[in-house]
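Asker: Next input, structure requested:
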Amino acid sequence: YNEMKEVAETSPWQYNSVDFVKQLDEELQCKLSSIVVRRNGLYTYVSDNLDIEKLDVVLPDYEAGENISDEGIYKGGDYQCLVKQIDFCDSYGNQYSVSIITPLKQAIPQIKKFFIQVLISCVFILILTSLLLNVWIYRSIIKPLDRLKLATQNIKYGNFDFEMPKSSNDEIGDVCRDFEEMRVILKKTAEDKLNSDKEEKELIRNISHDLKTPLTSMINYIDLMKEENLQPEHVNAYVKVLDDKSKRLKSLIENIFDISKAASGNMVVNYNKLSMAELINQTLAECENRLELSKLSVKKNFTDEKFYVNADGKMLWRVTENIINNAVKYSMQGTRIYLE
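Answerer: Numbers count the residues shown, from 1 in each chain. Predicted coordinates:
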């Protein structure tokens, strides 16, 4: 239609050529349409598939002047069709009406076929969209949820040795990352508890050993006092040993109570001004027998000048005693211990 309109505006005389109009007719037949050309009210060309007797009823009259209308006109009745008409004049004043007629009887089957194709295409698109949506839901929702379910089962049975796979940057991914952080914290808590239990068992074992040593000595000396006819000087020596071991046993029991208080957060620290030199010398004096039995010598690389610290004397003495006891326990005989 646009091409025909352009010809009417530039070279209207071409519509007098039968060959030109016939070529247009062939093109229109491919589009289920026909052409009618009128000059001064007379038919100069009519497509073969049109009924001339019905054209007078269907075709609109010529409108005066050069009028090229882009609007189609629907004609009802017995011959239902759509008409688009071009009205123009040539330089000689001849009036032309070129009409494109599209019978609906021919167009309706094509329209039905078109709608069927559209419907099939829509169904295919819906199926494809549904498949893609299912794949997306599975990958972005169902699969991460399955991972979360498996992770919760592992945690339920105390298995923290796994890692959540990397997830997308959406709400489900945020949940997976939060769950992974929770797993790491739970794993660290479980490991800390295992280490704490291990240290507690080791502490109990050490306490049992430390309590057993003075208690065994006390029992042995008491048995000797019962079985032997001891002289007074021997009795005094045995009583001194029993006194030392009982004090040692009392100190160990107090240590147990202090550990219990520290674990419960009820430990009370009494700060006092203390001389470190005096504290170390006192500890060495109390551990002198153990040092001699292990054939260990101590060399002090510090003077007895007054160097004071603000600390709990009982706890600080316990620290220095543990250091010396470890030196006695883990040093070879004849080793010299340096204190700086």
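Asker: how about the helices in the stretch 151-300 of the chain?
Answerer: 171-227, 232-264, 276-286, 288-293 (DSSP state H, counting those that start in this stretch).
Asker: Please report how far residue 281 lies from residue 308.
Answerer: Distance of residue 281 to residue 308, given as CB to CB, to the nearest Å: 15 Å. For the C-beta atoms, the positions are set from N, CA and C on the backbone; glycine is no exception.
Asker: wait, isn't residue 80 in contact with residue 73?
Answerer: No - the criterion here is CB atoms under 8 Å, and residue 80 misses it with residue 73 at 11.9 Å.
Asker: and residue 309, which of the three is it?
Answerer: strand (DSSP: H, G, I helix; E, B strand; the rest coil).
Asker: Point out where the stretch 101-250 of the chain drops to low pLDDT.
Answerer: Within the stretch 101-250 of the chain, the segments meeting pLDDT under 70 span 106-108, 162, 164-168, 170, 208-209, 221, 225-235, 238.
Asker: tally of neighbours for residue 163?
Answerer: Neighbour count of residue 163, defined by other CB atoms under 10 Å: 10.
Asker: that older thread, tabulate the helices of the stretch 151-300 of the chain (JSON lines), appending mean neighbour count and distance to residue 335.
Answerer: Listed next are the helices of the stretch 151-300 of the chain as JSON lines, based on neighbours: other CB atoms under 10 Å; distance: least, CB to CB, whole Å:
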{"stretch": "helix 171-227", "mean neighbour count": "13", "distance to residue 335": "22"}
{"stretch": "helix 232-264", "mean neighbour count": "13", "distance to residue 335": "24"}
{"stretch": "helix 276-286", "mean neighbour count": "16", "distance to residue 335": "15"}
{"stretch": "helix 288-293", "mean neighbour count": "12", "distance to residue 335": "10"}
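Asker: how about the ones you listed in a markdown table, adding distance to residue 26?
Answerer: Output for the helices of the stretch 151-300 of the chain, formatted as a markdown table (distance: least, CB to CB, whole Å):
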| stretch | distance to residue 26 |
| --- | --- |
| helix 171-227 | 62 |
| helix 232-264 | 104 |
| helix 276-286 | 119 |
| helix 288-293 | 124 |
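Asker: Rounded mean pLDDT for stretch 31-41, please.
Answerer: For stretch 31-41, the mean pLDDT works out to 88.
Asker: So which bits of that stretch are buried?
Answerer: Using 16 or more other CB atoms under 10 Å as the test for burial, stretch 31-41 gives 32-39.
Asker: Of these, which is the nearest to residue 158?
Answerer: Within those, proximity to residue 158 (CB to CB) peaks at residue 32, which comes in at 77.5 Å.
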